[in-house]
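[1] build me a model from this:
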Amino acid sequence: MPAREPARWWTLVLAVAGGVLTRLAFPAPGWWGTAFLGVALLYLALRRDSARWNALVGLLWGLAFVAPLITWADEAVGQVPWLALSTLEASYFALFGAAWAWARRGNSVWRSVGLQVLVFTILFVATEELAAAWPFGGFPWGRLAFSQADSPLAALASLGGTPLLTGAVVAVGVLLARILLAARRLEIGRLVIATSVVAAFVVVGLLIPLDTQAQTGTLRVGAVQGNVPGVGLDAFGQRQAVLDNHVAGTMALLDQVEPGELDLVLWPENGTDIDPQVDQTAAGLIDGAAQAVGAPMLVGTVEYPPSGGRYNTAVLWEPGVGVTATYTKQHPAPFAEYIPLRSLVRPFSSAVDLVTRDMLPGDEPGYIPLDSERLGRTVGIGDVICFEVAYDGIVRGAVQAGGEVLVVQTNNASFGVSDESTQQLAMSRIRAIEHGRATVQISTVGVSAVIEPNGVVSQQTGLFTAEQMVATLPLRDTLTPATRLGSWPAWIIDALAVCVVVAGAAGAHRVRRSDRIETAA
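    Coordinates of the predicted model:
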């Protein structure tokens, strides 16, 4: 009997179910294992030979995954922008579906299960890389790697960063699908091989050492989550109240430590939307708090240059001195912190007019030199602001510049009571593993957390609460293989993806369509 392609309706069911399962791997609920199942269903759904049909399958999988993942965008900017962003991100998986159909047609790929696993994985990782870079600097929020903070595979991030970790998730997912097919066909040899490879991934992940020991001393920090008066887009309407909350939170640290015991106090992004470099009242409040605790403070604030626009900035405030170092956010969020194509976008959402001054990008890595009298040297603080934690190069640049710890300053107030903050925390945990750095995520409203270099959360705050954390962070200066390799893994995967698609399309004429269907069925 000739082989048949899977029914069209069945591939659509598999796609939607797979997308939903993949969403569940991310916080909340954060069931990391469902990412493997989601990829497995996507692989099974893409067994028809038509590139156009597979594009539709990929689009539906992407929508079922991304739209529920970023519902917080609806909370922040409205339903139309949320749907537009979800559709844009899903379109990358439509491209992936078509690319897989073309690549699989090659004479070598359709014959080899091993090559199918490899090629599928390469194309998926390359798709993530494209989504992370284009347009407007990309949006890498849904990387599969970010769902794996509690997974036995998480340590792979220290070897090859998010591309390797995502690749491992995809490979395991495809292998699970092949295990199902082999079991149905009673192909015992393939069943044993696929199961063994899945087990090998888990064992390798568990055996990778993640060192958490201090190498260059320790840093005693206090982190202040001050909270804001409201929720949503109007949360920062009372700028003075937000500043006062963080000053009060800094003073509350003295319930846990004595003056002078802290090396650094951390405030979140937008801890003060009143620039203390030009406003003497704000400067006095911040300096008073710094002198009371006897420690410099890393303060999230804004700057308004005379030429126009604004900067999202972190300033290091030394008590009695003022600003001694700064970092400016390199990747402002499009359609949130600045509005591209403003006249074209306005008919779809009036929220664009809430951004009256576009945010400008900084051009230096997130490195803050902290002169520590206790340690007798300059300590490198790696700093990234808010969504920058999702971008490989920005976080890596902060570590390569000399960051011995990582700080993620963020403001989650605009996203209400949603999963946005815990999803961001999962990213910070993966970055801690990737670069072997203790990490503090400090938010205006939560969730804030202290993270060990192995990704384990040692302290965590609630959402929309005023809380403080005090922690001793291990300082580390060795670079993980992932940090040393930099962007090379991603570039290599991108090049391989182009090659396998071109080779598959070029070789398709040598393979009968019925043979390709038999392999896919």
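
[2] extract the residue ranges of the stretch 351-500 of the chain that are flagged as low pLDDT.
    351-354 (pLDDT under 70).

[3] which non-adjacent residue is nearest the spatially most central residue of the chain?
    Nearest to the mean C-alpha position of the chain, by Cα atoms, centre = their mean, lies residue 390 at 3.1 Å. Distances taken as Cβ to Cβ, 6 or more residues apart in numbering put residue 140 closest to residue 390, at 4.8 Å, once the chain neighbours are dropped. The C-beta positions use only the backbone N, C-alpha and C, and glycine is treated the same way.

[4] residue 136 too?
    Nearest non-adjacent residue to residue 136 (Cβ to Cβ, 6+ apart): residue 334, at 4.0 Å.

[5] picking up where we left off before, neighbours around the residue nearest to residue 390, how many?
    21 (other Cβ atoms under 10 Å).

[6] to which secondary structure element type does it belong?
    coil (DSSP: H, G, I helix; E, B strand; the rest coil).

[7] and it, its phi and psi?
    phi -90, psi 20 (degrees, to the nearest 10).

[8] strands of the stretch 101-250 of the chain, start to end?
    218-225 (DSSP state E, counting those that start in this stretch).

[9] so where is it shaky, pLDDT-wise?
    Scanning the stretch 101-250 of the chain for pLDDT under 70 picks out the ranges 107, 230-237.

[10] change it to 80
    Scanning the stretch 101-250 of the chain for pLDDT under 80 picks out 106-111, 230-237.

[11] quick one, helices of it?
    113-131, 157-185, 188-207, 239-252 (DSSP state H, counting those that start in this stretch).

[12] looks like the residue nearest to residue 136 contacts residue 137 (just checking).
    Yes. Between residue 334 and residue 137 there is a contact under Cβ atoms under 8 Å: 6.9 Å.

[13] the more surrounded of those two?
    residue 334 (18 against 15).

[14] who's that one bridged to?
    residue 338 (DSSP bridges).

[15] OK, contacts around it?
    With contacts defined as Cβ atoms under 8 Å, 6 or more residues apart in numbering, the neighbours of residue 334 are 136, 137, 340.

[16] relative to residue 126, which of these is nearest.
    Distances from residue 126 to the contacts of residue 334, taken as Cβ to Cβ, are shortest for residue 137 (17.6 Å).

[17] not counting sequence-adjacent ones, nearest residue to that closest one?
    residue 331 (5.7 Å).

[18] doesn't the one you found belong to a helix?
    No. Assigned with three-state DSSP, residue 331 falls outside any helix and is coil.

[19] neighbours around the nearest residue to residue 151 once chain neighbours are set aside, how many?
    Distances taken as Cβ to Cβ, 6+ apart place residue 32 nearest to residue 151, at 4.4 Å, with adjacent residues excluded. By the criterion of other Cβ under 10 Å, residue 32 has 22 neighbours.

[20] do you know how far residue 32 is from residue 93?
    20 Å (Cβ to Cβ, to the nearest Å).

[21] residue 471 now?
    When distance is defined by Cβ to Cβ, residue 471 is 39 Å away from residue 93.

[22] which one's more surrounded, those two?
    residue 93 (28 against 19).

[23] how about the more buried one: what's its closest non-neighbour residue?
    Closest to residue 93 by Cβ to Cβ, 6+ apart is residue 62, at 3.5 Å.

[24] mind checking the SS state of that neighbour?
    helix.

[25] residues in contact with it?
    19, 89, 90, 91, 92, 93, 94 are the contacts of residue 62 under Cβ under 8 Å, 6+ apart.

[26] per-residue confidence for it?
    Reported pLDDT at residue 62 in the predicted model: 98.

[27] what do you get for the one 5 residues further on?
    Residue 67 is assigned a pLDDT of 97 by the prediction.

[28] next, count neighbours for it.
    With other Cβ under 10 Å as criterion, residue 67 counts 20.

[29] residue 317 belongs to a helix?
    No. With three-state DSSP as the criterion, residue 317 is strand rather than part of a helix.

[30] so how far is residue 328 from residue 364?
    In terms of Cβ to Cβ, residue 364 sits 7 Å off from residue 328.

[31] so which of the two has more stuff around it?
    residue 328 (19 against 11).

[32] doesn't residue 362 make contact with that one?
    Yes. The criterion here is Cβ under 8 Å, and residue 328 meets it with residue 362 at 2.8 Å.

[33] list residues touching both of the two?
    With Cβ under 8 Å, 6+ apart, residue 328 and residue 362 have common neighbours 311, 313.

[34] closest to residue 457 among the contacts of residue 334?
    Nearest to residue 457 among those, with distances taken as Cβ to Cβ, is residue 137, at 28.7 Å.

[35] hang on, the closest one packs against residue 330?
    No. Using Cβ under 8 Å, residue 137 makes no contact with residue 330, being 9.5 Å away.

[36] tell me the mean pLDDT for the strand or helix carrying residue 290?
    Following DSSP states H and E, one finds residue 290 within helix 280-293. The average pLDDT within helix 280-293 is 97.

[37] just stretch 305-313 next, same as before
    Rounded mean pLDDT across stretch 305-313 is 93.

[38] chain center to that stretch, what's the gap?
    The chain centroid and the centroid of stretch 305-313 are separated by 26 Å under Cα atoms, centre = their mean, to the nearest Å.

[39] now do the contacts for residue 226.
    242, 245, 246, 247, 248, 249, 267, 268, 271, 444, 466.

[40] make a PyMOL selection of the buried ones in those.
    Buried residues within the contacts of residue 226, by 16 or more other Cβ atoms under 10 Å, are selected in PyMOL with:
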select buried, resi 242+245+246+247+249+267+268+271+444+466
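
[41] mind listing what's buried in stretch 27-44?
    Of the residues in stretch 27-44, 27, 30-44 count as buried by neighbour count, 16+ other Cβ under 10 Å.

[42] tell me which of the residues you listed is nearest to residue 417?
    Closest to residue 417, out of all of these and judged by Cβ to Cβ, is residue 27, at 13.5 Å.

[43] check contacts around the closest one.
    Contacts of residue 27 by Cβ under 8 Å, 6+ apart are 419, 422, 423, 425, 426.

[44] 6 Å - rerun?
    419, 422, 423, 426 (Cβ atoms under 6 Å, 6 or more residues apart in numbering).

[45] just residue 209 next, same as before
    Counting by Cβ under 6 Å, 6+ apart, residue 209 has no contacts.

[46] distance check, it against residue 433.
    Distance, residue 209 to residue 433, by Cβ to Cβ: 12 Å.

[47] same question for residue 362.
    Distance from residue 362 to residue 433, by Cβ to Cβ: 26 Å.

[48] what do you get for residue 334?
    Where residue 433 is concerned, residue 334 sits at a distance of 28 Å (Cβ to Cβ).

[49] and for residue 502, the neighbour number?
    Using other Cβ under 10 Å: residue 502 sits among 13 other residues.

[50] go through the strand or helix carrying it and flag the buried ones.
    Taking DSSP H and E as the definition, one finds residue 502 inside helix 488-507. For helix 488-507, the neighbour count (16+ other Cβ under 10 Å) marks 489, 490, 493, 494, 496, 497, 500, 501, 503, 504, 505, 507 as buried.
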